[in-house]
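> Need coordinates for the following:
(one chain, ligands or ions: 2)
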Amino acid sequence: MAQEGLDWPNLDAIWISHFHLDHCGGLAPFLAGSKHAAAMKDRAKPLRIFGPVGIRRLIEGFDAANNYRLLEQPFPVEILEIEELEKFEVLPGLEAVAMSTPHTDESQAIHLSDADGKTLVYSADTGFSEAVGAFANQVDLFILECTFIRDKPIEKHLELAEAIFLIRKAHPKRAMLTHFYPEWDEVNCPEEVAKFEPMCEVIEAIDGLRLNI
Ligand SMILES: [Zn+2]
Ligand SMILES: [Zn+2]
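Ligands and ions are numbered 1, 2, ... in the order given. As a prediction, the model looks like this:
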């Protein structure tokens, strides 16, 4: 966040989709850093951490590894465990709903909508599920994982054809693919996407990319 010039001392909320380390491993070093960061010592605003049921236990587990006291911060930290399909407010004017996905027992996709009616769905990690496509119906931005190119070796992620199928089903204004495994490294993503002639713009996620919705 610092490298990208983001206003990290004022980060309002974190949402954790599931407990694989590539999706939650940054929590512990972030909270270890924020305890001592000069830029956060006068902060009074709470930091809210949302996640599936079990997120509190996960953070307590990180804590227990070395008695880090990650929740003793200069500012309040609130941990909110979210049940699927239970509406919650991330910030005033930013509503969210999470939906279970076929990836891990706790994994969830998220739907965000703001006061201006802008909407976003992020699949996080998921196996193929038409429900994820329905969840993203007509959103402004549909962010999907696209772990594999084709012939996926495991069920619990998507390959490109499945991601495109879900985009067609959802009819979003725009879509974005992310969570590429290394087999994508030598592959031209836009070229592979174009072969499917998707019905909307499909953006390849890259580090530091910023989009206005
Ligand atoms: Zn995962
Ligand atoms: Zn992952």
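> Give the burial count for the closest residue to Asp114 other than its chain neighbours, as a bare number.
Closest residue to Asp114 apart from its sequence neighbours, by C-beta to C-beta, 6 or more residues apart in numbering: Leu94 at 5.2 Å. C-beta: built from backbone N, CA, C; applies to glycine. Neighbour count for Leu94, taken as other C-beta atoms under 10 Å: 15.
> Can you read off the pLDDT for Leu94?
As predicted, Leu94 sits at a pLDDT of 97.
> Surely it touches Asp116?
No - look at Leu94 against Asp116 with C-beta atoms under 8 Å: they stay out of range, at 10.4 Å.
> element containing the nearest residue to Ala44 once chain neighbours are set aside?
Sequence neighbours aside, Phe75 is the residue nearest to Ala44 in space, at 6.0 Å (criterion: C-beta to C-beta, 6+ apart). Assessed by DSSP states H and E, Phe75 sits outside every helix and strand.
> For the residue nearest to Asp114, give its distance to Ile110.
Leu94 sits at a distance of 11 Å from Ile110 (criterion: C-beta to C-beta, to the nearest Å).
> do the same with Thr126
11 Å.
> on that earlier part again, ok, the residue nearest to Ala44 - how many residues close by?
Phe75: 14 surrounding residues under other C-beta under 10 Å.
> Can you name the residues that contact it?
Residues near Phe75 by C-beta atoms under 8 Å, 6 or more residues apart in numbering: 40, 43-47.
> For my notes, please list these in a markdown table and give pLDDT, neighbour count and distance to Gly54 for each entry.
Below are the contacts of Phe75 laid out as a markdown table (pLDDT from 0 to 100; neighbours: other C-beta atoms under 10 Å; distance: C-beta to C-beta, whole Å):
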| residue | pLDDT | neighbour count | distance to Gly54 |
| --- | --- | --- | --- |
| Met40 | 96 | 19 | 27 |
| Arg43 | 97 | 17 | 27 |
| Ala44 | 96 | 7 | 29 |
| Lys45 | 96 | 12 | 26 |
| Pro46 | 97 | 13 | 21 |
| Leu47 | 98 | 20 | 19 |
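> Closest to ligand 2 out of those residues?
Using C-beta to the ion, Leu47 comes nearest to ligand 2 of the contacts of Phe75, at 23.0 Å.
> Excluding sequence neighbours, find me the nearest residue to that closest one.
Nearest one to Leu47, counting by C-beta to C-beta, 6+ apart, is Val77 at 5.2 Å.
> residue contacts, the one you found?
Residues near Val77 by C-beta under 8 Å, 6+ apart: 31, 46-49, 71.
> just those now: which is nearest ligand 1?
Among the contacts of Val77, Ile49 lies closest to ligand 1 (C-beta to the ion), at 18.0 Å.
> Residue numbers of this structure in contact with ligand 2?
Within reach of ligand 2 by C-beta under 5 Å from the ion, the chain has these residues: 22, 125.
> What segments of the chain are helices?
21-24, 27-34, 55-64, 130-135, 160-170, 189-194 (DSSP state H).
> Now render these as a markdown table, adding mean neighbour count, distance to Asp207 and mean pLDDT.
Putting the helices of the chain into a markdown table (neighbours: other C-beta atoms under 10 Å; distance: least, C-beta to C-beta, whole Å; pLDDT from 0 to 100) gives the following:
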| stretch | mean neighbour count | distance to Asp207 | mean pLDDT |
| --- | --- | --- | --- |
| helix 21-24 | 14 | 14 | 98 |
| helix 27-34 | 17 | 17 | 96 |
| helix 55-64 | 16 | 25 | 96 |
| helix 130-135 | 18 | 24 | 98 |
| helix 160-170 | 21 | 20 | 98 |
| helix 189-194 | 14 | 14 | 97 |
